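Peer 1: Dropping the sequence and predicted coords here.
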Amino acid sequence: MEAILIVVIRSVIVYLFIIGAIRLFGKKELSQLSVIDLVFVLLISNSVQNAMVGPDTTLLGGLIAALTLFLVNAFLKDLVFKNKKFGALLQGDPLMLVYKGKIFENHLKKAKITDDELKAAVREHGVKSTKDVDLAILEVDGNISVLSHDFTKKTRKRRVHKSLSFGN
């Protein structure tokens, strides 16, 4: 029983560490995985595996670690849903990038989004220019939402950030 408890505790610690690291390094990499991002995620998961299960490399140890991750994930999602302050602490806040055609350069720098990336997001939403954007927001999930007064080219595409820069 003690071995099971150790796997549970180690799994929770690793899970919280990874969440903290992702929060610290930014949200841009969350929305779409480039090849570099995919390799990064695979290597991170491989590097923390032993930290979770320790010497218990049995099937039961792996299943306990996986179950623990599912339970902690469900708990945190519920906590984020119920407590907005905790959600903002864990996920951050949306960041306004454009308002009525005016680009907020300081917000782009904070999010480490280039002008070209912003323009690409605007075009993917069917808007010709940032001057035509009423509102563009970097959402907490890393997507860029774009609203425009010209809704004739409405799109359901979501702009997803594929950069591996770790800024918030």
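Peer 2: Thanks, I have the structure now.
Peer 1: so what's residue 114 closest to, chain neighbours aside?
Peer 2: Counting by CB to CB, 6 or more residues apart in numbering, the nearest residue to residue 114 once its immediate chain neighbours are dropped is residue 108, at 7.4 Å. For the C-beta atoms, the positions are set from N, CA and C on the backbone; glycine is no exception.
Peer 1: For that neighbour, give its distance to residue 99.
Peer 2: Per CB to CB, to the nearest Å, residue 108 is found 13 Å from residue 99.
Peer 1: And the two? Which one has more around it.
Peer 2: The residue with more neighbours, out of residue 108 and residue 99 and counting by other CB atoms under 10 Å, is residue 108; that gives 18 against 14.
Peer 1: Now the helix or strand harbouring that one: buried residues?
Peer 2: Element membership for residue 108, per DSSP states H and E: helix 105-111. Neighbour-count burial for helix 105-111 flags 107-108, 111 (criterion: 16 or more other CB atoms under 10 Å).
Peer 1: before we move on, what about stretch 118-130?
Peer 2: Buried-residue list, stretch 118-130, by 16+ other CB under 10 Å: 118, 121-122, 125-127, 130.
Peer 1: Check those residues against residue 44 and report the nearest one.
Peer 2: Using CB to CB, residue 121 comes nearest to residue 44 of those, at 26.6 Å.
Peer 1: Off-centre distance for the helix or strand containing that closest one?
Peer 2: Residue 121 is part of helix 115-124, with elements assigned from DSSP H and E. Helix 115-124 has its average C-alpha position 19 Å from the chain's average C-alpha position, going by CA atoms, centre = their mean, to the nearest Å.
Peer 1: Stretch 91-101 too?
Peer 2: Averaging C-alpha positions (CA atoms, centre = their mean) puts stretch 91-101 16 Å from its chain's average.
Peer 1: Now the terminal residues of it, how far apart.
Peer 2: Between the opening and closing residues of stretch 91-101 there is a gap of 27 Å (CA to CA, to the nearest Å).
Peer 1: again with stretch 94-113
Peer 2: End-to-end span of stretch 94-113 (CA to CA): 14 Å.
Peer 1: Same check on stretch 114-131?
Peer 2: This stretch, stretch 114-131, spans 16 Å end to end (CA to CA).
Peer 1: Could you give the average pLDDT over that stretch?
Peer 2: Mean pLDDT, stretch 114-131: 90.
Peer 1: what residue ranges in this structure are flagged as low confidence?
Peer 2: By pLDDT under 70, the low-scoring segments of the chain are 25-35, 37-38, 150-168.
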